[in-house]
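> prediction below, plus the sequence it came from.
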Amino acid sequence: MRGTGYFLFIALIVISFSASAQDVREAYNLSDLSVQGTARSMGFGNALGSVGGDFGSLSVNPAGIGVYRNSEISITPSVVINNTTGEYSGVNSSSNTAQFSLNNFGIVFTNAAKGRRYKHRKWKTVAFAIGMNRVADFNNDVLYQGKTSTSSVSQVFESDANMNPNNVTTLNNSYGSLGYNSYLLNKNTSGQYESIVPFSGGVDQVKGSQSWGGIDEFNMSFGGNFKEKLLLGITIGAPIVNYQDNSYFQETLDAGNTNSNPYGFNSLDYSQSLNVTGAGINAKIGAIYKISDIFRIGAAFHTPTYYSLTDESSQGISVVHNDSLGALYGPALQNRFDYNLTTPWKGVISGTIILNKLGFITADYEYVDYSTMRYTFQGGIDNSSPTGASYQQEADALNQVIQKTYKAASDFRIGGEAVIAKYFMVRLGFGYYGNAYTPYGESTANSYYTTQRIDVSAGVGLHFRHFFTDLGFIHSMYQGYEQPYSVVYNNGAGTSYVFSGSPATVPTAKIDFSLNNLAWTVGVKF
C-alpha cells in the first residue's frame, strides 16, 4: 500500500512465483513507510508536519514535540479490516481479513516554563519522548482464480530444469529439481525436460496469499520551543520488521480439456512461506516556524533507514496424477539468507492555519525517491549462480533493476479539526499517494502498473484538562496488478531456453484493495 506499507504485488520485473524476499518488490515494501497515527491524527489524514502536539508527529516532523505544554502518556489500539477483489481471466474473486493491531504507545515528558520564568527563558518548553509508532502494516489476504490456455505454472519448473540441468536430479530448492522429483517434468528423447501438463486445452488456476505483521518503529525524541517562534526536534528511530506470508498456487486440468494427456496429469499444488525479520536505524530532524499566531510552516528530513534483515523461506509442491503418482516436498526445503537494505531519504514540507480556538487546517507534501533503494548481500561466491557471481555482484545487478523500476513519488495530505463544543472536536482528512513505479527500460507494455492510493478519513475526540480520548478512521482505496508467475527465458549466463511447445503468455490479475483502519486513543496528561 502506497504510504502505509501494504503490499502492492508489482510483478513486471520480479518473478512473483518466488519464496525469496530479496527483490525489487520487497525493497519497496520495506521502504514505503508512513506512520499509522493516533486516532486524532488519523481523523485529519495524518497531516502531521506542522500541527505537532501528537505522538504520531514524532515519526513525521519531530519538531512537533515543541507544541507540548504538558507531559502525557497515551496508547492507540486499532482494528484493520481489509477487503480485496481479484479479477483474473474474466473471473472475480473476493477475500477479506481482520486483525487487531497497536498503532502506537508513548510517553512525553515536558518541562514548560511558567510565570516569571516564562518571561526570562528563551526556550519556553523542552520535551523528551519515548515510545513506538507503527509505520507499516502488512496484514492482507488476496485471492484470484480463472481459466487459461496460454500457459502453465509448470513452465517455470520446465525452463529452470533446461537452463540449469545440473540441479535437477538432486532434491534441492531449485524449480527444476522440485518439478522433476514431483513427476511434473518428463525428459524427452532429445534430452530436454518437458512439462507433462497439456495446458493448451485449458487449466484452472487459483492463487491465494495471506500476509501479516508490520514495521514498528521505536522512537526517542528530543526538542523544544524557542521564543514561541521556532520549534526544533530530532528523533532517533529503530524500526523492527516482522513480516510473514503464506501463499499457494493450484492448477487443475479443466473439465473441458480434451487434449492428449499421456502422463495422466490431474492437478498440482505449489506452496511457499516467507518470514522476514530484522531491525534498522534512522534519524529524523525537523523544524516548525510560527510566522504569526495564525500561520505556521514546517520542514523535516528523514535519513535512509539502514536495515539488517533475515529471510527464512520454504517451498514445496505436490502433483496428482490419474494413477496417483506424485510427491510432496515442503518443510524440509528451507532457505535462510542474511542481507542489508538501505531505504530512501524522505523530505516533508507543510503548513497550518490556526483558526484561533475554532480549530485548524493543515497540509503536508512528501517527496521520496525510491530509485535510491540499495541491497547489500553478505558472503562470497554464490555456488548456485550459473555465472559464478558473488553475492554482492547479484545485489549490484538487483540494484540496477531497482533504478530502472522505481522513481521519485510525491504524496499529499490535507486535513482539519473543528472545535464543536468546549471539549468536543470533529476531524476530516484526505490523502493522495503518488506513483513510485516507472516502466522497466524502454518497455511501455506494462505501463499500467502503479502505486497510487487515495485515503479518506474522519474522527472525533474529547479532550479534557487531564484526560483525552479519540476515535479515528481511515479508508484507503487502490488497485494492484500481479502475474502469478513469470517464466524465465534466459538465465543471465548466456543460456537461453526455447520451448518445445508453446511459449508462456501469463494472464495478469487486477486486484482492487479496500483497506480500513479504525483506531481508539486514550491518554492522560500530567
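That came in fine, so what should we check first? Numbering: from 1, shown residues only.
> packing partners for the longest helix seen in the chain?
Selection of the longest helix in the chain by residue count, based on DSSP state H, yields helix 391-405. The contact analysis (3 or more CB pairs under 8 Å, 6 or more residues apart in numbering; DSSP states H and E) places helix 391-405 against helix 24-31, strand 374-377. Where you see a C-beta, it was placed from the backbone N, CA and C, and this is true even at glycine.
> tell me what angle the first one forms with helix 391-405.
In terms of direction (axes from the mean of the first three to the mean of the last three CA atoms, to 10 degrees), helix 24-31 departs from helix 391-405 by 80 degrees.
> what's the average pLDDT for helix 24-31?
Averaging pLDDT along helix 24-31 gives 88.
> right, and the helix or strand after it?
helix 39-43 (DSSP states H and E).
> would you map the helices across the stretch 101-250 of the chain?
Using DSSP state H, counting those that start in this stretch, the helices of the stretch 101-250 of the chain run over 115-120, 154-163, 175-181.
> worst mean pLDDT across the helices and strands of this structure, which element?
In the chain, no helix or strand scores lower on mean pLDDT, DSSP states H and E than strand 328-329, which sits at a mean of 47.
> returning to that earlier point: need the helices of the stretch 101-250 of the chain in CSV with distance to Ser247 and mean neighbour count, can you?
Formatted as CSV, the helices of the stretch 101-250 of the chain follow (distance: least, CB to CB, whole Å; neighbours: other CB atoms under 10 Å):
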stretch, distance to Ser247, mean neighbour count
helix 115-120, 59, 9
helix 154-163, 14, 26
helix 175-181, 15, 25
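> nearest to Tyr289, of the ones you listed?
helix 115-120 (20.1 Å; CB to CB).
> run through who's touching the closest one.
Lys124 (CB atoms under 8 Å, 6 or more residues apart in numbering).
> off-centre distance for that helix?
Remark: helix 115-120 is offset 48 Å from the chain centroid, using CA atoms, centre = their mean, to the nearest Å.
> repeat for stretch 208-218
Put simply, stretch 208-218 sits 8 Å off its chain's centre (CA atoms, centre = their mean).
> pLDDT on it, on average?
95.
> what residues of it count as buried?
Gly208, Ser209, Gln210, Ser211, Trp212, Gly213, Gly214, Ile215, Asp216, Glu217 (16 or more other CB atoms under 10 Å).
> who touches the residue lying closest to the first one once chain neighbours are set aside in this structure?
Right, the one you point to is Gly208. Spatially, and ignoring its direct neighbours in sequence, Gly208 is nearest to Leu143 (4.7 Å; CB to CB, 6 or more residues apart in numbering). Taking CB under 8 Å, 6+ apart, we find Leu143 in contact with Thr84, Gly86, Ser93, Ser94, Ser95, Val206, Lys207, Gly208.
> give the buried subset of these as a ChimeraX selection command.
Typed into ChimeraX, the next command selects the buried ones out of the contacts of Leu143 (criterion: 16+ other CB under 10 Å):
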select :84,86,93,95,206,207,208
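> now the strand ranked longest in the chain: buried residues?
Using DSSP state E to assign secondary structure, the strand with the most residues in the chain is strand 265-290. Buried residues in strand 265-290, defined by neighbour count with 16+ other CB under 10 Å: 265, 267-276, 278-280, 282, 284-288, 290.
> partners of it in the sheet?
Paired neighbours of strand 265-290 in the sheet (DSSP bridges): strand 230-253 (antiparallel), strand 295-302 (antiparallel), strand 306-321 (antiparallel).
> go through these and name the closest to Ser31.
Closest of these to Ser31 is strand 306-321, at 9.4 Å (criterion: CB to CB).
> residues in a beta bridge with Leu232, which ones?
The partner residues for Leu232, given DSSP bridges, come to Gly224, Ala287.
> sorry, back to before: and the next helix or strand past the least confident helix or strand of the chain?
The helix or strand immediately downstream of strand 328-329 is strand 334-342, counting by DSSP H and E.
> now tell me what touches that next one from outside.
With CB under 8 Å, 6+ apart as the test, strand 334-342 has contacts from 19-22, 27, 30-31, 173, 304-314, 373-378, 395.
> mark which of the residues you listed are buried, thanks.
For those, buried by 16+ other CB under 10 Å: 19-22, 27, 30-31, 173, 304-305, 307-309, 311-314, 373-377, 395.
> for the residue nearest to Ile454 when sequence neighbours are not counted, what is the enclosing helix or strand?
Distance criterion CB to CB, 6+ apart; nearest residue to Ile454, sequence neighbours excluded, is Met477 at 5.2 Å. Using DSSP H and E, Met477 maps to strand 467-482.
> that strand pairs with which strands, and in what direction?
Short version: by DSSP bridges, strand 467-482 pairs with strand 453-463 (antiparallel), strand 509-525 (antiparallel).
> export the ones you listed to a markdown table and tack on distance to Phe157?
A markdown table is the format used below for the strands paired with strand 467-482 (distance: least, CB to CB, whole Å):
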| stretch | distance to Phe157 |
| --- | --- |
| strand 453-463 | 35 |
| strand 509-525 | 21 |
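> closest to Leu230 out of these?
Closest among the strands paired with strand 467-482, once you apply CB to CB, is strand 509-525, at 24.3 Å.
> list the buried residues in that closest one.
Buried residues in strand 509-525 (16+ other CB under 10 Å): Ala509, Ile511, Phe513, Leu515, Asn517, Leu518, Ala519, Trp520, Thr521, Gly523, Lys525.
> is it true that the second one touches Tyr88?
No. No contact is recorded between Ile511 and Tyr88 when judged using CB atoms under 8 Å, the distance being 9.0 Å.
> shared neighbours, these two?
Common neighbours of Ile511 and Tyr88 (CB under 8 Å, 6+ apart) are Tyr144.
> before we move on, back to that, out of the strands paired with strand 265-290, which comes closest to Asn399?
strand 306-321 (14.6 Å).
> and the angle for the closest one with helix 154-163?
100 degrees.
> just the CA atoms of strand 306-321, as PDB, please.
Below are the C-alpha coordinates for strand 306-321, written out as PDB (Å, rounded to 0.1, in the frame of the first residue of the first chain):
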ATOM      1  CA  TYR A 306      19.800   1.000   7.400                       C
ATOM      2  CA  TYR A 307      18.300  -2.500   7.800                       C
ATOM      3  CA  SER A 308      19.900  -5.800   8.800                       C
ATOM      4  CA  LEU A 309      17.400  -8.500   7.700                       C
ATOM      5  CA  THR A 310      17.000 -12.200   7.700                       C
ATOM      6  CA  ASP A 311      14.800 -14.100   5.200                       C
ATOM      7  CA  GLU A 312      13.600 -17.600   6.100                       C
ATOM      8  CA  SER A 313      11.600 -19.300   3.400                       C
ATOM      9  CA  SER A 314      10.400 -22.700   2.400                       C
ATOM     10  CA  GLN A 315       8.500 -24.200  -0.500                       C
ATOM     11  CA  GLY A 316       7.000 -27.400  -1.700                       C
ATOM     12  CA  ILE A 317       4.900 -28.900  -4.500                       C
ATOM     13  CA  SER A 318       2.500 -31.800  -4.700                       C
ATOM     14  CA  VAL A 319       1.400 -33.300  -8.100                       C
ATOM     15  CA  VAL A 320      -1.600 -35.600  -8.500                       C
ATOM     16  CA  HIS A 321      -1.800 -37.900 -11.500                       C
END
